[in-house]
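Chemist: kindly generate the corresponding structure for this input.
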Amino acid sequence: MGCCGFPTSKARYYKAFNLVELNSTFYTYPKLALVEKWRTEAPKGFEFTVKAHQDISHNCKFELPPACVNAFNRMREICEALDSKILLIQTPASFRPIQENMLRARKFFNRVDRRELTVVWETRGPEWNEPQVRSELGKVLEELDVPHVTDPFKAMPVYTGKIAYFRLHGLGARMYYYQYSNEELRSLVDKIKLIERKGKIVYILFNNLTMFEDGQRLVEYINEGTFPSITGAVGLESICRLIERTRYPVPKSKLSKLFGWKLVDWRKGRQIPLDEFLKRIPARTYGSVYEVIEEIKKIKV
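Modeler: Residues are numbered from 1 along each chain as shown. Predicted coordinates for the structure are as follows:
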């Protein structure tokens, strides 16, 4: 379990997780000397997975001119330098499940030299979730032995092979602007256990704005059986600790944009998105945290 990229300092991250998905490789090809340095700096037993360069997924779109093959070979070298077992290829939503694209994918995965590397594929866009498409995709991925990457809160994979690889992007109106509730994380653990009972290894990668905190909460729940408090307080104090993290005066609209998608511990065992309170207070500029709290006090919850 870990995050897509380092959302905090590496020293702090290494203490919290034993896995990271390296995302910078989507944009650049790091020199192998630098990659080897990253491997050396990481603790013993720490695992890197690697996101493939956009040359493969967005520029070539699985076409097989020398440029695409060379891009894959460079990514494989980076994985080998990191002792990475998994390379993630994420295609854009514009890469639709039409026959031509399925044929491209089939040819690509059959042609490239994967060696010992497990290559996983994240399809994006609503068309990939249509039942007929999922059925066809499952047959193709099983034939190719390419695990399907999904967000388990939106869709389960059509094929996993020996591993299940999940990327959690959030469920909010704005992508990534989401904080998972305790109940959602409990349901995620239930999904994980069902897959692990089949003898598969499950990778969980958070990719929302509170990825570090959500991942830590999930680790504590798995290890201790309980969730830590999100803010370290409950009720109005929980709200206060959240909204004090900005400069006042501030309009209600900005408070909502900054913090409305985040959760507060309203009561023990009950979490509420802050917007549930903010949308019910007057739309004006607030001079201090206490002015906001006084308006929230008037709300019956």
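
Chemist: and Trp175, backbone torsions?
Modeler: Slight slip there: residue 175 is Met, not Trp. The phi/psi pair for Met175 (degrees, to the nearest 10) reads phi -60, psi 140.

Chemist: contacting residues for the closest residue to it other than its chain neighbours?
Modeler: Distances taken as C-beta to C-beta, 6 or more residues apart in numbering put His169 closest to Met175, at 6.0 Å, once the chain neighbours are dropped. Every residue, glycine included, has its C-beta placed from N, CA and C. Under the criterion of C-beta atoms under 8 Å, 6 or more residues apart in numbering, the contact list for His169 reads 151, 175-176, 178, 207-208.

Chemist: in strands, which of these fall?
Modeler: Among the contacts of His169, no member falls in strands (criterion: DSSP state E).

Chemist: so where do the strands sit in the chain?
Modeler: Assigned by DSSP E, the chain shows strands spanning 2-4, 19-22, 47-51, 86-90, 118-122, 148-149, 163-168, 201-206, 250-251, 263-267, 270-273, 285-286.

Chemist: avg pLDDT for the last one?
Modeler: Averaging the model's pLDDT scores along strand 285-286 yields 97.

Chemist: could you shift the numbering so residue one becomes 19, and keep it that way?
Modeler: Understood, numbering begins at 19; the last thing we discussed is strand 303-304.

Chemist: what's the closest non-adjacent residue to Glu59?
Modeler: Closest residue to Glu59 in three dimensions, ignoring its sequence neighbours and counting by C-beta to C-beta, 6+ apart: Lys28, at 7.0 Å.

Chemist: could you measure the one you found against Glu231, distance?
Modeler: Plainly put, Lys28 is 17 Å away from Glu231 if you go by C-beta to C-beta, to the nearest Å.

Chemist: more neighbours: which of the two?
Modeler: Here Lys28 and Glu231 are compared on neighbour count by other C-beta atoms under 10 Å; more neighbours surround Glu231, at 19 against 12.

Chemist: was I right about Arg259 contacting Ala251?
Modeler: Yes: using C-beta atoms under 8 Å, Arg259 is in contact with Ala251, at 5.6 Å.

Chemist: that older thread, could you dump the contacts of His187 into TSV and include distance to Arg288?
Modeler: Formatted as TSV, the entries for those read as follows, by distance: C-beta to C-beta, whole Å:
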residue	distance to Arg288
Asp169	25
Met193	26
Tyr194	25
Tyr196	18
Asn225	26
Asn226	21
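
Chemist: pick out the lowest-pLDDT one from those residues.
Modeler: The lowest pLDDT within the contacts of His187 belongs to Met193, with 87.

Chemist: what is the burial count for that residue?
Modeler: 12.

Chemist: what do you get for Cys78?
Modeler: Neighbouring residues of Cys78 were enumerated by other C-beta under 10 Å; the total is 20.

Chemist: do the same with Val53
Modeler: Look at Val53: counted by other C-beta under 10 Å, it has 22 neighbours.

Chemist: surely it and Cys97 touch.
Modeler: No: counting by C-beta under 8 Å, Cys97 is not a contact partner of Val53; they are 9.1 Å apart.

Chemist: which elements pack onto the longest helix seen in the chain?
Modeler: Determined from DSSP state H, the single longest helix within the chain is helix 84-100. Judged by 3 or more C-beta pairs under 8 Å, 6 or more residues apart in numbering; DSSP states H and E, the packing partners of helix 84-100 are helix 50-59, strand 65-69, strand 104-108.

Chemist: which stretch among the ones you listed comes nearest Arg298?
Modeler: With C-beta to C-beta, the closest approach to Arg298 among the helices and strands packed on helix 84-100 belongs to strand 104-108: 38.8 Å.

Chemist: ok, now which ones touch the spatially most central residue of the chain?
Modeler: Centre of the chain computed as the mean C-alpha position; nearest residue by C-alpha atoms, centre = their mean is Asn225, 2.5 Å away. With contacts defined as C-beta under 8 Å, 6+ apart, Asn225 is in contact with 21-22, 185-188, 194.
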